[in-house]
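1. Okay, here's the prediction I keep looking at, along with the sequence it came from:
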Amino acid sequence: MTLKNKPGQRLVYLPYADIELLAECLVALANGDGGLVVLGVDDLGRPSEAIWEEEAEAALREAALMCRPPVPTQWQPVEMGTDILVGVYVPRSTELHSLQDGRVLVRSGSDNRPLSGDEIRNLANSKNSAEFETELVPGARPSDLDANIIRDYLDRREARGAAKVSSTDDLLFEIGAIDRDGDPTTIGILLFGKNPQAFFPNSGVVFVKFPGTEPRGEDGGIGYGKSG
């Protein structure tokens with residue numbers, strides 16, 4: 001059996017509704033690119049034991065109290081064969097999150113890795129940039145986005161092996177290009193705008209180079225360096 005989830009979504013499996021481990025996953029995913037915590041599944045994606053919604057809700061409430069600041073979450077049912085599992089969706093956050101004991105975590109492979117002082121500062125700086133990137137652009141409307149540029153982006157994305165998306169708006173929302181109403185954000189206008197200069201006349205470009213195919217390094221930190 002396989003889990004049915006959104007294309008490209010990071011999955012984290014928890015066999016039990018362990019409160020402390022759930023809190024660690026919430027913080028680690030929110031500090032990274034987000035993802036989905038699936039309860040009642042082992043590390044190999046196999047069903048472990050049934051977890052009822054009431055049990056999951058109680059665990060999530062307790063786990064949320066261990067996060068500073070609270071991590072936004074949404075319930076997301078997950079299909080596995082004929083079963084419906086409990087999933088907790090954690091979106092990418094523009095804030096820096098920690099546990100009540102002070103640890104700052106990021107998701108690295110299948111682990112929640114604690115960050116050092118320098119790494120925390122770097123992550124905090126990147127969060128400040130992300131907050132600006134996902135702000136709505138005053139006066140911008142969905143019609144200010146270029147459908148041809150978006151189509152070209154989707155074609156290139158699929159050529160790299162990504163699954164074909166069923167909803168373009170859902171994908172644009174997930175990458176932070178639009179809000180739920182379809183209005184463009186800063187990154188949406190800069191990447192897909194018909195005339196970005198009309199909104200950002202002083203904007204420029206800084207190129208970065210990735211050593212591999214992942215946006216983060218093996219240690220979970222930022223995986224690129226400036227090249228110009």
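-> That came through fine.
2. now the strands for this protein?
-> In the chain, the strands defined using DSSP state E lie at 3-4, 11-14, 35-39, 67-68, 74-75, 78-80, 83-85, 87-90, 98-99, 105-108, 111-114, 208-209, 225-226.
3. Let's have the ones you listed in CSV, adding mean neighbour count and distance to E133.
-> From N, CA and C alone the C-beta is placed, and that goes for glycine too. As requested, the strands of the chain are exported to CSV (neighbours: other C-beta atoms under 10 Å; distance: least, C-beta to C-beta, whole Å):
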stretch, mean neighbour count, distance to E133
strand 3-4, 14, 30
strand 11-14, 20, 25
strand 35-39, 24, 19
strand 67-68, 18, 23
strand 74-75, 11, 21
strand 78-80, 18, 29
strand 83-85, 14, 33
strand 87-90, 23, 19
strand 98-99, 19, 22
strand 105-108, 22, 19
strand 111-114, 17, 24
strand 208-209, 10, 14
strand 225-226, 8, 17
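4. Only the C-alpha atoms, please, for the lengthiest helix in the chain, written as CSV.
-> If you go by DSSP state H, the chain has its longest helix at helix 117-133. Provided in CSV are the C-alpha atoms of helix 117-133 (Å, rounded to 0.1, in the frame of the first residue of the first chain):
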residue,chain,number,x,y,z
GLY,A,117,24.2,29.2,17.4
ASP,A,118,25.6,30.3,14.0
GLU,A,119,23.1,28.1,12.2
ILE,A,120,20.2,29.6,14.2
ARG,A,121,21.3,33.1,13.3
ASN,A,122,21.5,32.2,9.6
LEU,A,123,18.1,30.6,9.7
ALA,A,124,16.6,33.6,11.5
ASN,A,125,18.0,35.8,8.7
SER,A,126,16.6,33.6,6.0
LYS,A,127,13.2,33.7,7.8
ASN,A,128,13.2,37.5,7.7
SER,A,129,13.8,37.3,3.9
ALA,A,130,11.0,34.7,3.5
GLU,A,131,8.6,37.0,5.4
PHE,A,132,9.2,39.7,2.9
GLU,A,133,9.0,37.4,-0.1
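5. same for that helix, what does it pack against?
-> helix 186-192 (3 or more C-beta pairs under 8 Å, 6 or more residues apart in numbering; DSSP states H and E).
6. Residues in a beta bridge with Y89, which ones?
-> Assessed by DSSP bridges, Y89 has beta-bridge partners L36, Q74.
7. D179 reaches L136, doesn't it?
-> Yes: with contact defined as C-beta atoms under 8 Å, D179 reaches L136; the gap is 6.2 Å.
8. First-to-last residue distance for stretch 35-55?
-> End-to-end distance for stretch 35-55: 21 Å, by C-alpha to C-alpha, to the nearest Å.
9. Tell me which residues of that stretch come out buried.
-> Judged by neighbour count using 16 or more other C-beta atoms under 10 Å, the buried positions of stretch 35-55 are G35, L36, V37, V38, L39, G40, V41, I51.
10. before we move on, back to that, select, out of the strands of the chain, the one closest to R151.
-> Each of those has some distance to R151 by C-beta to C-beta; the shortest is strand 208-209, at 24.8 Å.
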